[in-house]
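> sequence plus predicted model, see below.
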Amino acid sequence: MAAEKPAPVRVLYCGVCGLPAEYCEFGSDFERCKPWLRANAPGVYPDELIASSSSGGGDDKDVGKVGERLQGVGISDGSSSAAGSASASKEEVKRLPGGKLKKKEKQEVVIEKIVRNKRKCVTVVKGLELFGVKLSDASKKLGKKFATGASVVKGPTEKEQIDVQGDISYDIVEFITDTWPDVPETAIFFIEDGRKVPAA
């Protein structure tokens, strides 16, 4: 017994702009398409948008009314909070795809020493940008101070970090606090044996 072939999808193309009817609003001349859409594809667009164009003269006002109605529409996440508090919490917490919440990052600088090939060492500095430090400038200053190569790279978490060649962990805390006074020594941490240890 052979499987049935699915029927081909029939697409209605606009007679004015040539786009599929549901994409006319993204075309260059939606106003010219509206009469054709009213006549040939009445179910594609909401009646209020097409009807607003047919009531000559008041286009901007009607579109503004539709925009106001859409502004008032909100998405409820099940909590019974007021609209004002919902907008305030929107600034503090970002929603990621899938409804997960993105927490605000702690302001801290993390320094990690990575040993390669049992001899070569790289010191990684993460989190300076949270204190308003431009990473490209910071890498230049670190490279000059310690007479070594330093560059801004994307780390494993897709966040930018500074990789400095060599082991500079002995002097880096003092250099960071002297160069950027906004970074307190209490906010600098070292990674030792997989644990975060305060530098102070």
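Yes, it's here. Being a predicted model, the structure only gives us computed values, none of them experimental.
> got the contact list for the residue nearest to Ala150 when sequence neighbours are not counted?
Distance criterion C-beta to C-beta, 6 or more residues apart in numbering; nearest residue to Ala150, sequence neighbours excluded, is Gly143 at 3.7 Å. (Each C-beta comes from the backbone N, C-alpha and C, glycine too.) Contacts of Gly143 were listed using C-beta atoms under 8 Å, 6 or more residues apart in numbering, and they are Gly149, Ala150, Val164.
> tally of neighbours for the first one?
Translated: Gly149. Neighbourhood size, Gly149 [other C-beta atoms under 10 Å]: 13.
> from the contacts of Gly143, which land in strands?
If you go by DSSP state E, the contacts of Gly143 have Ala150, Val164 in strands.
> returning to that earlier point: show me which residues of the helix or strand hosting the residue nearest to Ala150 are buried.
Using DSSP states H and E, Gly143 sits in helix 135-146. Across helix 135-146, burial judged by 16 or more other C-beta atoms under 10 Å covers Leu135, Ala138, Ser139, Lys141, Leu142, Gly143, Lys145, Phe146.
> where's the residue nearest to Ala150 relative to Gln165, distance?
Using C-beta to C-beta, to the nearest Å, Gly143 is found at 9 Å from Gln165.
> check Asp193 too.
22 Å.
> those two - which one has more neighbours?
Counted by other C-beta under 10 Å, Asp193 and Gln165 do not tie: Gln165 has more neighbours, with 15 against 5.
> state the pLDDT value of the more buried one.
Gln165 is assigned 89 on the pLDDT scale.
> surely it meets Ala147?
No - contact criterion C-beta atoms under 8 Å: Gln165 and Ala147 do not qualify, at 10.1 Å.
> strands of the protein, residue ranges please.
For the chain, the strands defined by DSSP E cover 94-95, 101-102, 109-116, 120-126, 150-154, 160-165, 188-192, 195-198.
> could you dump those to CSV with distance to Ser28?
Formatted as CSV, the strands of the chain follow (distance: least, C-beta to C-beta, whole Å):
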stretch, distance to Ser28
strand 94-95, 34
strand 101-102, 37
strand 109-116, 50
strand 120-126, 47
strand 150-154, 38
strand 160-165, 39
strand 188-192, 55
strand 195-198, 55
